[in-house]
Structures are given as C-alpha cells and as structure tokens.
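Undergrad: here is my input, please return the structure:
(one chain, ligands or ions: 1)
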Amino acid sequence: MEMNDTMAAQWARRIIVTGGAGFIGSHLVRRLVQRYPQYLIINVDALTYCGNVANVADVANEPNYRFHRVDITDYEAISGLMRQYDVDGIIHLAAESHVDRSIADPFIFAKTNVLGTLTLLQAAKDHWSTSPAGFADKRFHHVSTDEVFGALPLDQPELMFSETTPYAPHSPYSASKASSDHFVRAFADTYGFPAVITNCSNNYGPYQFPEKLIPLFINNIVERRPLPVYGQGLNVRDWLYVGDHVAAIDLVFHQAANGASYNIGGFNQWSNIDLVRALIAEVDRQIGREPGADLDLITYVTDRAGHDLRYAIDSSRISRELGWKPSLTFEEGLRITVQWYLAHKDWMESITSGAYREYYKQMYENR
Ligand code: TDX
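TA: Numbers count the residues shown, from 1 in each chain. Below is the predicted model of the structure:
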C-alpha cells in the first residue's frame, strides 16, 4: 500500500527497524509494535538465510506494522521507503553476524555491514535534510557489538570494555562492524547527523539462529549429537538475555543525546566450557534425563582462527544515566530459553530440515 504524507502523519513516529526478521530485530519489532501503538513500525529485512518472517508472525497483523523485503545496500529502495512513510527514526540491526562465516567468506560482511550501513546513513541524511525540522526530531540508532573492542586477557578479570575503549577488531566480522560504527560517528561529526550507537555483549534467547553457540548446542543435546567446543573451551563471553537488550535499545533510542554511545552487557561472564556444562544440566533436567547425562557429547575441536579470548562489557554508564539494568538472572534466562526451544521444535525443524537445510548441513552437520 502506498502511503502519502497525510497518512504518515497519523502516526506519532514512523520507524524503520532493519533486520527485524532476525533474532534481536524480531524481539525489538515485537516490543515496539506492542508498546507503542501510536508508532508505525516498518520492518525492513532482506530475508537472507537467517531472517525468517515466522519470527514476527505474532505481530504481523497489527495495524501499526509493515514489512518490506529490501536489501539495505539498495539506496533507491531505502530512499523510496523513507519518502513513502516519511520515516523519522531508523534502528539499524541488519547485519551479517556470525564470526565463523566471516572467516570463510568476508566479502559479504563488508557489503552488508559496511556498505549497507553507509547506504542507510546516506538515504536518511538525504531525506531528513529536505524536511522542515531537518535533523532536529530525527534519530538513527546503530546497533553494534562488543567485538569491535577486540579481546581482553583472561588473567585480569577486572578489565572490561567501556565506551572509551579504543577499537581493536580481530575478525572480519568485527572489522566490518567497527567500520560501520566509524561511518556512523563520521556522519554525526561531519554533518551533525542525529546518531547514537549501542555496543552489546553476546545475546541469547528465543529465535536465535542455530549457528550460534546456545541454540546450536540445545538442539544437539536433544538430538544426542556431538557438541563442538572450540579449543579448550576457556574463552569467556558476557551473556545477556535478548529481551533485556531490546529494552536497552528502546531506552537509548528515546532518551540518549545525539552522538552518544552506550555499552550494554549482563555483568555475566562465563567460560564456554562452564556454560556448556550448565546448558547440558538444564536441558537434561527439562527433558527428564539425569542432569549431566549428556556431558559425554562435549567434543573438543580445532580452535576458531583468531579466537578472541574474552569479552566483558562495563554497562555502568547506561545504568547510571538511563536507569537500565538486566531484569533476568542467567539461571532464569537459560531456563526460559531452553523451555522455548523445547516447546518450538517446529521452528528449529523449519531451519534444520526446511528452507535453510543445505546451508545448515554444510556448516554444522558434518563436523
Ligand atoms: O560450535 C561452536 N563452538 C564453540 O566453542 C560455536 C558456534 C561457538 N563456540 C564458541 C565461540 C565463542 O567463544 O562459543 C563462543 C560463542 O560463539 P558464538 O555464538 O559464535 O558467538 P561469538 O563469536 O562470541 O559472537 C557473538 O557475540 C557478539 C555473536 O555471534 C556476534 O554476532 C556478536 O556481535
């Protein structure tokens, strides 16, 4: 449906969420559609291998929701949407996000993450420059990762990433995200463009594509397949429940000052091997196996190339300034997450045996 300016004006805000059919994006879209009926939420997603409209099926028929299958590197298509809806906010989550894939094929990471972000910035700048209020009532929120800061040593647990930690990406994935962050800052500094950035730690929860550690391993435990732990499993990650991440995005989008950036994390560091053991115990408990019965599935495999040792986010700034804190403990989050995957085997099957089958097989079944 074409929407002219008069129709666009009936909505208090018109917000594009890119990557809204992906994992974190789908949680954000659901939250915004339900919480802000006065906003129009426009989900823009290219539906590549990990985007799945089933992830937002529960809000697809809401009056304040629209979906467009568009690639963010397509300037004409993005500009068309900016005009069609008179968009005044963009929350940008569309990205290639899997480190292992970036090691195998880095080019698509530069295209989507760097050129895609630049395309969105340029399209937003061009459209907003023509509006009477200019940039004054507009917002571009770029969602990024803690991986842009590089890696921390294991033997100094007090060291964490803050908003002023220098960028030092290691993988092609994190290099592409760092580059996109730099473009966002460059637009803010050069043109006074109304941008904010958030950098978040490892997310987990429902609807995460099973290439990532937690959903991949839940599925393998249930199916009694080997759990490929890279190296010795000593790498440390800081885990945050996805619902807490999107609550933080909501706050920053609405309240942060232009040019600000916020780190978001769970103050919840786990070595991979300890996490895998906890996950096995939880899955076993929920499916009625003896807790720990599946520990024999742990299989140490060749380490990831350039594997970052430890990530840890200091999120005290967003707590102090915006009053955000994680709402769930890790135990609660893991319990809910395992419950969800067990209750949604159809979702997992649509990925492992349906449209995504060939990709999934190539990457994960033959290891
Ligand atoms: O099979 C596996 N075995 C294994 O030991 C997989 C898939 C992962 N791992 C390890 C690698 C990491 O140390 O588990 C840890 C978590 O791996 P991923 O789920 O691939 O996440 P990570 O590499 O830490 O990156 C994640 O967090 C930051 C997301 O994928 C990124 O998109 C995000 O920016």
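Undergrad: tell me the secondary structure at the closest residue to G20 other than its chain neighbours.
TA: Closest residue to G20 apart from its sequence neighbours, by C-beta to C-beta, 6 or more residues apart in numbering: N43 at 3.4 Å. Where you see a C-beta, it was placed from the backbone N, CA and C, and this is true even at glycine. Counting by DSSP: H, G, I helix; E, B strand; the rest coil, the backbone at N43 sits in strand.
Undergrad: OK, contacts around N43?
TA: 17, 20-21, 25, 29, 56, 65-68 (C-beta atoms under 8 Å, 6 or more residues apart in numbering).
Undergrad: could you give the bridge partners of it?
TA: V17, F67 (DSSP bridges).
Undergrad: picking up where we left off before, which of the contacts of N43 lies closest to L322?
TA: Taking C-beta to C-beta as the measure, L322 lies nearest V17 of the contacts of N43, at 19.9 Å.
Undergrad: quick check: pLDDT value at the closest one.
TA: The model reports V17 with a pLDDT of 98.
Undergrad: give me the neighbour count for it.
TA: Per other C-beta atoms under 10 Å, the neighbour tally for V17 reads 28.
Undergrad: doesn't R30 make contact with it?
TA: No. The criterion here is C-beta atoms under 8 Å, and V17 misses it with R30 at 10.3 Å.
Undergrad: what ranges do the helices span in this structure?
TA: Under the criterion DSSP state H, the chain contains helices at 5-8, 23-35, 75-85, 99-104, 107-109, 116-129, 172-191, 213-223, 242-255, 272-287, 316-322, 330-343, 345-352, 357-360.
Undergrad: now, of the ones you listed, which is deepest in the fold?
TA: Comparing these by mean neighbour count (mean count of other C-beta atoms under 10 Å), helix 23-35 ranks first with a mean of 23.
Undergrad: can you say which of the helices of the chain is nearest to Y207?
TA: helix 23-35 (5.3 Å).
Undergrad: any part of that closest one near the ligand?
TA: No. For helix 23-35, no contact with the ligand is found by C-beta under 6 Å from any ligand atom; the gap never falls below 9.1 Å.
Undergrad: cool, and stretch 170-185?
TA: No. On the criterion C-beta under 6 Å from any ligand atom, stretch 170-185 is out of touch with the ligand, staying 6.8 Å away.
Undergrad: please apply the same query to stretch 81-100.
TA: Yes. Interface with the ligand: stretch 81-100 contributes 97-99 (C-beta under 6 Å from any ligand atom).
Undergrad: what's across from the closest residue to the ligand within the stretch 101-250 of the chain in the sheet?
TA: Scanning the stretch 101-250 of the chain for the residue nearest the ligand gives T145, at 3.1 Å (criterion: C-beta to the nearest ligand atom). Here T145 sits in beta bridges with C200, going by DSSP bridges.
Undergrad: check contacts around it.
TA: Shown in contact with T145 (C-beta under 8 Å, 6+ apart): 97, 174, 177, 199-200.
Undergrad: closest to W128 among the residues of stretch 81-100 next to the ligand?
TA: S97 (27.2 Å).
Undergrad: mind listing what the closest one touches?
TA: Going by C-beta under 8 Å, 6+ apart, the list of residues near S97 reads 22, 50, 145, 173.
Undergrad: do R277 as well
TA: 292, 295, 298.
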